[in-house]
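Q: Let's see this in three dimensions:
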Amino acid sequence: MKKLKQNKPLQYLLGAILFILLSCYLPQQILFWKLCTEQDQDIPPNTEVLVSACKRPASIGVPGGEALFVREVRTGKMYLLDLRTGEKRKVPNDPLLLEKGIFLSSDLVWLEGSLVRPDKPRYRPHYILDLVDGKRYELLDLDTLPRLEGGKFDPQNYSYIQSAQYIYIHHSKNTLIALSSDFRTNPNGRIIFSGFAINTDYAEGLVQLTKSFNMDYEIIDFRLYRTDVTSPTNKFVARFNGIYLSKTNQRITSGMYNYFRGWYYDDSAIVVQDGGDYLLTLPGISYIYYIPSPTLKLNLP
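A: Predicted coordinates for the structure are as follows:
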């Protein structure tokens with residue numbers, strides 16, 4: 001009994017601390033759930049919620065529109081959302097996936113390397129991450145191969161591209177990736193190539209090069225900053241200022257920049273998400289209390 005009496009001050013202190021924590025935490029949680037639920041409900045009539053704002057999602061489109069990469073910031077979960085079935089597919093726990101990952105398909109991710117050359121201490125190669133087996137495959141960087149006199153790119157190196165089965169172009173990064181069907185076992189069958197190597201500052205030069213080889217390519221840049229992105233069935237084109245019909249060039253939606261996340265596999269919709277909002281904005285001070293936005297399916301006519 002004496003021992004219990006001696007412990008009472010400590011119990012009172014712990015109880016007071018717990019009360020203070022709950023008093024601060026619970027109101028914030030109640031406010032968050034109220035506001036994020038309102039975000040899920042306050043959406044246009046032609047949209048559907050794919051990922052709730054209450055999970056604070058960060059969504060990235062995958063070429064082909066079969067899947068959507070989702071990171072739930074609030075829960076810490078990462079997965080590929082199958083847009084056909086709604087199933088969630090786990091992704092490998094690769095440390096570069098979030099920071100440097102750019103999707104080529106629902107199975108392959110480009111892990112962007114460092115900007116410095118191989119002879120520099122901070123050099124990091126480019127990789128392809130296979131989401132099926134979780135393995136990395138280092139890309140052969142054609143920019144690092146020996147040059148001709150005057151620093152010109154050796155045209156013989158184009159054979160690496162011409163022998164590829166899949167070509168991917170990222171406009172904003174002015175980069176081309178080429179993969180052969182056996183790239184996992186063939187080190188020369190997985191290459192990366194910068195437009196700067198052929199003195200083009202924009203990826204249009206890489207597009208023209210690929211077309212000169214009569215090869216198809218896939219756009220992997222969904223930011224709409226320097227390119228148009230055609231839908232999976234070629235019915236629509238996503239541009240900086242909206243979605244257009246490919247045949248007639250008629251605009252059917254507007255303002256896609258910073259909202260567009262990706263296509264739906266059957267061209268019935270696009271995936272969109274805005275940057276969220278704030279509860280209060282005080283002039284000359286700052287924004288207060290961030291409110292996330294849901295990831296939405298916007299149905300197209």
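
Q: which stretches of the stretch 51-200 of the chain have low pLDDT?
A: Scanning the stretch 51-200 of the chain for pLDDT under 70 picks out nothing.

Q: And the strands in it, which stretches?
A: Counting by DSSP state E, counting those that start in this stretch, the stretch 51-200 of the chain has these strands, from start to end: 57-61, 67-72, 77-82, 88-90, 101-103, 108-111, 127-130, 136-138, 140-141, 166-170, 175-179, 190-194.

Q: for those, which one sits closest to Pro294?
A: strand 57-61 (7.0 Å; Cβ to Cβ). No exception for glycine: its C-beta is placed from N, CA and C like everyone else's.

Q: can I have that closest one written out in CSV, keeping just the CAs?
A: Taking Å, rounded to 0.1, in the frame of the first residue of the first chain, the C-alpha atoms of strand 57-61 are listed here in CSV:
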residue,chain,number,x,y,z
PRO,A,57,-2.1,10.0,-51.9
ALA,A,58,0.8,10.9,-54.3
SER,A,59,-0.1,9.2,-57.6
ILE,A,60,2.0,8.6,-60.7
GLY,A,61,0.6,7.4,-64.0
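
Q: could the strands of the stretch 51-200 of the chain be laid out in TSV, adding mean neighbour count and distance to Tyr278?
A: Shown next, in TSV, are the strands of the stretch 51-200 of the chain (neighbours: other Cβ atoms under 10 Å; distance: least, Cβ to Cβ, whole Å):
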stretch	mean neighbour count	distance to Tyr278
strand 57-61	21	17
strand 67-72	22	21
strand 77-82	17	25
strand 88-90	13	30
strand 101-103	20	28
strand 108-111	22	32
strand 127-130	20	35
strand 136-138	17	39
strand 140-141	18	42
strand 166-170	22	32
strand 175-179	24	35
strand 190-194	23	39
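
Q: Let me have those in CSV, adding distance to Glu204 as columns.
A: CSV is the format used below for the strands of the stretch 51-200 of the chain (distance: least, Cβ to Cβ, whole Å):
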stretch, distance to Glu204
strand 57-61, 22
strand 67-72, 27
strand 77-82, 31
strand 88-90, 34
strand 101-103, 19
strand 108-111, 20
strand 127-130, 24
strand 136-138, 28
strand 140-141, 21
strand 166-170, 10
strand 175-179, 12
strand 190-194, 14
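
Q: The nearest residue to Val229 once chain neighbours are set aside and Phe222, how far apart?
A: Counting by Cβ to Cβ, 6 or more residues apart in numbering, Val229 lies nearest to Ala238, which is 4.4 Å off, once chain neighbours are set aside. Separation of Ala238 from Phe222 (Cβ to Cβ, to the nearest Å) stands at 8 Å.

Q: Quick check: neighbours shared by these two?
A: Val229, Phe260 (Cβ atoms under 8 Å, 6 or more residues apart in numbering).

Q: ok, what's across the strand from the residue nearest the centre of the chain?
A: Residue closest to the average C-alpha location in the chain (Cα atoms, centre = their mean): Ile60, at 3.5 Å. Counting by DSSP bridges, Ile60 is bridged to Phe69.

Q: For it, give me its contacts.
A: Leu68, Phe69, Val70, Phe103, Phe222, Arg261, Gly262.

Q: Please report how far it lies from Ile30.
A: 31 Å.

Q: Then Asp274?
A: In terms of Cβ to Cβ, Asp274 sits 24 Å off from Ile30.

Q: Those two: who's more crowded?
A: Counted by other Cβ atoms under 10 Å, Asp274 and Ile30 do not tie: Asp274 has more neighbours, with 13 against 10.

Q: Spatially nearest residue to that one, not counting backbone neighbours?
A: Ser293 (4.9 Å).

Q: So for stretch 30-37, what gets flagged as buried?
A: Buried residues in stretch 30-37, counted by 16 or more other Cβ atoms under 10 Å: Phe32, Leu35, Cys36.

Q: rewinding a little: name all residues that make contact with the residue nearest to Val229.
A: Phe222, Leu224, Asp228, Val229, Thr230, Ser231, Tyr244, Met256, Phe260, Trp263, Ile270.

Q: For those, pick the one with the most neighbours.
A: With neighbours defined as other Cβ under 10 Å, the most crowded of the contacts of Ala238 is Trp263; it has 29 neighbours.
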